[in-house]
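> structure of the sequence below:
(3 chains)
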Amino acid sequence: MRQIGWNWLGVVPFFAFALLFLMLPTMNIVIGAFQNPEGQFTLQNLAGLASPRIVDSFVISIKISLASAVLGCLIGFAMAAAVVMGGVPGWIKAPLMTFSGVASNFAGVPLAFAFIATLGRVGLVTMLLKQWFGINIYAMGFNLLSFWGLTLTYLFFQIPLMILIITPALEGLKREWREAAEVLGASTGQYWRMVALPILFPSLLGTFALLFANSFGAVATAYALTGSSLSIVPIMLFAQIRGDVLQDPHLGYAMAFGMIVVTGLANLAYVIMRTRAERWMR
Amino acid sequence: MSFLVLDHLQKSFGTTKVVHDFNLSVDKGEFVSFLGPSGCGKTTVLRMVAGFETPSEGQIVIDGQDVTRLRPNQRQIGMVFQSYALFPNLTVAENVGFGLKVAGVPRAERGPRVAEMLDLIGLPDLGGRYPWQLSGGQQQRVALARALAPRPRVLLLDEPLSALDAKIRVSLRNQIREIQQQLGITTIFVTHDQEEALSISDRIVVMHKGIADQTGTPSDIYNSPATHFVAGFVGTLNRFEAEVVDAASGHVRVAGAGILLERPLPPGKVVLAARPESLQIAPEGIPAEITGVEFLGSVQRLRARVDGAEVVLDRFNAPGEELPRPGARVHLAAARASWLVLPE
Amino acid sequence: MKRLWSWAAIIAGSLYFLLPLIGTVEFSLRMRRGEYSLDAYRSVLADPNFRDTFGYSIVMALLTIVLGVLIVVPTAYWVRLRLPRLRPVIEFITLLPLVIPAIVVVFGYIRLYNTSSVLPLTGTAGGTNLLLLCGYATLALPYMYRAVDTGLSTLDVRSLTEAAQSLGAGWVRIIGRLILPNVLGAVMSGAFLSFAIVIGEFTMAALLNRPAFGPYMQLLGANRAYEPAALAVIAFAATWGCMGLMQLISRLLGVRKTAK
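Numbers count the residues shown, from 1 in each chain, chains lettered A, B, ... in the order given. Modelled structure (predicted):
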């Protein structure tokens, strides 16, 4: 018994840290979401989330996250597949993976600057399109500070993250599976539909969930890009924390709780799918 | 009329030629093994038959049809891989039925055929399992059933037993041979294990550096190897430098002892060879000194030195019989017909 | 046909990634009307706020790495050695910062450590700095733990420890002199990742009102035209530098390890 007691001592600093700076603060918010200003239990705050302004912010946040996750998955998959099995020269893989490692961490304020400098009203691409092709994308209704602008910007870290995660999965597809399918008479399409995609499906869905959570919780890029002109959830919460714009602190807790629920569900899906993928890949 | 003909096959990867001028005719229902060390080109030939590699030169004909330029999925071939290669997302039954499904066979006809195949491999109750729930031997049997289900014209087995435990290896190879004979399917079996090849083949092709050194029945290959490589690769062989005394009558001299082979020989020097089981201790013959004795159960293996070179003798265990001691001086002899004369 | 599509995907993707980089560089050079110049960079570098906030964030990043190593290395080591059953729990906790958005965590800090609480960290500048530091260490936790745990998995921790103990070494010496040097490559890669995360971090610093580089960049972005592009170039170069150093060092350590 004494031995066990001593062993536990070794992880006390870690648990103390995690408790103080991760778990207790989060619990505090969660509990706050179920309390009224007098500290009594209530569901009033969660009911308050149903106000059109907050519902709208969740809807647009989820829309942007879905769009950037779907596009990130598709484009990232296409690039990873091109490198792994598309007959592109082998030397392309290493720089692509290194670049993806950097770009997937290049979220935040500088990313917003980069896109303003590129696709803003006087950005490079905007100007070039106008000068060379006579296309004025802003006259055509494009706006960087909008749903599509934000989605396009998020893709800059979403696509690399997809490439980083899905490349090993694609490489895990055994050559023999493809050959076995071929020799049994399957066409390339049949192989993908009946074997490769079902095998990759958990990885794809899992990564999708991760990308979704990734863009759902992103604050800095959106804030630097749009200020507070686009009311997505993290930006509303940011404004709420700074100045109580909702005029009800506990509604803020409920909003934060809503964020945890959304990203938590997405990550739960990721973990479950990953477990399935690993079982198959053995 | 041969069922499967490989005619002057050649294959190069870049500037390396891995298969040189490979020729083989296989009869319908025949079981042919490709035997050779790794890198000898045997798998490349098999992959050309399957359609995964295109020959640089030559032609592949199955049942009178030139398939050289056909894609793998147009060849109606069954293949079993070393790594089983079962589809992990499908059940055993779905794996076995895969070839039928992609061929558009309706579900109602697939079911009975899958059941028949599972019966054939002796796993009738495992149709609902997933591959990861099976042992290696079971997985390989399912892979065999999957390959056979669409009634292929030719069955290709690429080292199917190499990933398995020794015991399962023997039982599964017997099962493969039984099923092959039962169905009468033309089969090519690639292996680096000579015992496997010798035990289940109708014919063996011994390959070496991209060339078929010798093609023949297991007893041909074992008893009259055509090249030094075949002699050395298949079984253990004792070699003796011999001096030809009389080329016409086949009289030679080994380590001072005369041997009469009664067959014509080239003049000068030759290399004689004898299998461990054909050498015996005799009252007179080649002088040797026993250097070691190993007891292997049913067989006793004696090591001896002749003229500085080591030779090995095998003899059946006979209880009560006294074994020679290390250091004992003996004479070795072999039956006249069992001496091999190796070509230069 | 397949190759054509592959090239199309690669080229389209590369264009998408390269254009913003080119655009940013080009924009950052446009400050002087009619010609390219480095004026924007000069203006940024001359700004005392830039130097102050950049310096602040670098110090914070270094402290984050130290704190992260102090928390992660002994824990990961101890769990592998003595409490393997606890590993799933620890792994789960280290992944939580990826699940809980940073903005929620810092919201919790503000509520939990405000001036009227038991531990009024936000009451003083020093306390808030400490809180921000712990927040950063939390953000870096998943990356740091994953890196160190991967590094430890290549060692036979138990035998190494028992060998050291049989020679009379104490715990501090075992961790400091034996385990840490052996996982240095892994720690380095975790460290550079932490650095890249912390150096431009915005949300926590802004909400805790600390003069860090992230909020400075945001502020500049809201008020200036060309300087933000120059800042983005600098930040991107810093991130690239970190990643490059990380690969270089892990490669050097890897070479030394195989050469030994």
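> and the residue lying closest to C:Leu178 once chain neighbours are set aside, what element?
Spatial nearest neighbour of C:Leu178, chain neighbours left out: C:Ala164 (5.4 Å); criterion: Cβ to Cβ, 6 or more residues apart in numbering or on different chains. Every C-beta, even on glycine, is put in place using the N, C-alpha and C of the backbone. If you go by DSSP states H and E, C:Ala164 is part of helix C:157-166.
> let me know the helix or strand that the most centrally placed residue in chain A is in.
Using Cα atoms, centre = their mean, the residue of chain A that lies closest to the mean C-alpha position is A:Asn214, 2.4 Å off. Element membership of A:Asn214, judged by DSSP H and E, is helix A:197-216.
> is chain B within reach of that helix?
Yes: Helix A:197-216 is in contact with chain B by Cβ under 8 Å from any Cβ of the partner chain, via A:Pro198, A:Ile199.
> so what does that helix touch, helix or strand wise?
If you count contacts as 3 or more Cβ pairs under 8 Å, 6 or more residues apart in numbering or on different chains; DSSP states H and E, helix A:197-216 packs onto helix A:52-85, helix A:147-171, helix A:249-281.
> ok, back up a step: so the residue nearest to the centre of chain A touches A:Leu155, yeah?
No: at 11.4 Å, A:Asn214 does not count as touching A:Leu155 under the criterion of Cβ atoms under 8 Å.
> number of nearby residues for the residue nearest to C:Leu178?
A total of 18 residues lie near C:Ala164 under the criterion other Cβ atoms under 10 Å in any protein chain shown.
> that one against C:Ile175, yeah?
No: C:Ala164 is not in contact with C:Ile175 according to Cβ under 8 Å; the separation is 9.9 Å.
> returning to that earlier point: nearest to B:Lys11, of the helices and strands packed on helix A:197-216?
Minimum separation from B:Lys11 across the helices and strands packed on helix A:197-216 (Cβ to Cβ) falls at helix A:52-85, 22.6 Å.
> let me see the ranges of the helices in chain B.
When secondary structure is read from DSSP state H, chain B shows helices at B:42-50, B:92-102, B:107-120, B:136-148, B:166-183, B:194-200, B:218-223, B:228-233.
> now render those helices as a markdown table, adding mean pLDDT and distance to C:Ala9.
As requested, the helices of chain B are exported to a markdown table (pLDDT from 0 to 100; distance: least, Cβ to Cβ, whole Å):
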| stretch | mean pLDDT | distance to C:Ala9 |
| --- | --- | --- |
| helix B:42-50 | 93 | 29 |
| helix B:92-102 | 94 | 27 |
| helix B:107-120 | 94 | 37 |
| helix B:136-148 | 94 | 33 |
| helix B:166-183 | 92 | 44 |
| helix B:194-200 | 92 | 45 |
| helix B:218-223 | 91 | 52 |
| helix B:228-233 | 87 | 48 |
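> so which of the ones you listed comes closest to A:Leu71?
Relative to A:Leu71, the nearest member of the helices of chain B by Cβ to Cβ is helix B:92-102, separated by 32.0 Å.
> now do the closest one and helix B:136-148, the angle between them.
An angle of 20 degrees separates the directions of helix B:92-102 and helix B:136-148 when computed by axes from the mean of the first three to the mean of the last three Cα atoms, to 10 degrees.
> what sits against the closest residue to C:Arg210 other than its chain neighbours?
For C:Arg210, the nearest residue in space outside its immediate sequence neighbours is C:Leu132; the separation is 5.3 Å by Cβ to Cβ, 6+ apart. If you count contacts by Cβ atoms under 8 Å, 6 or more residues apart in numbering or on different chains, C:Leu132 has them with C:Met60, C:Met204, C:Ala205, C:Leu208, C:Arg210, C:Ala212.
> nothing else from me, thank you.
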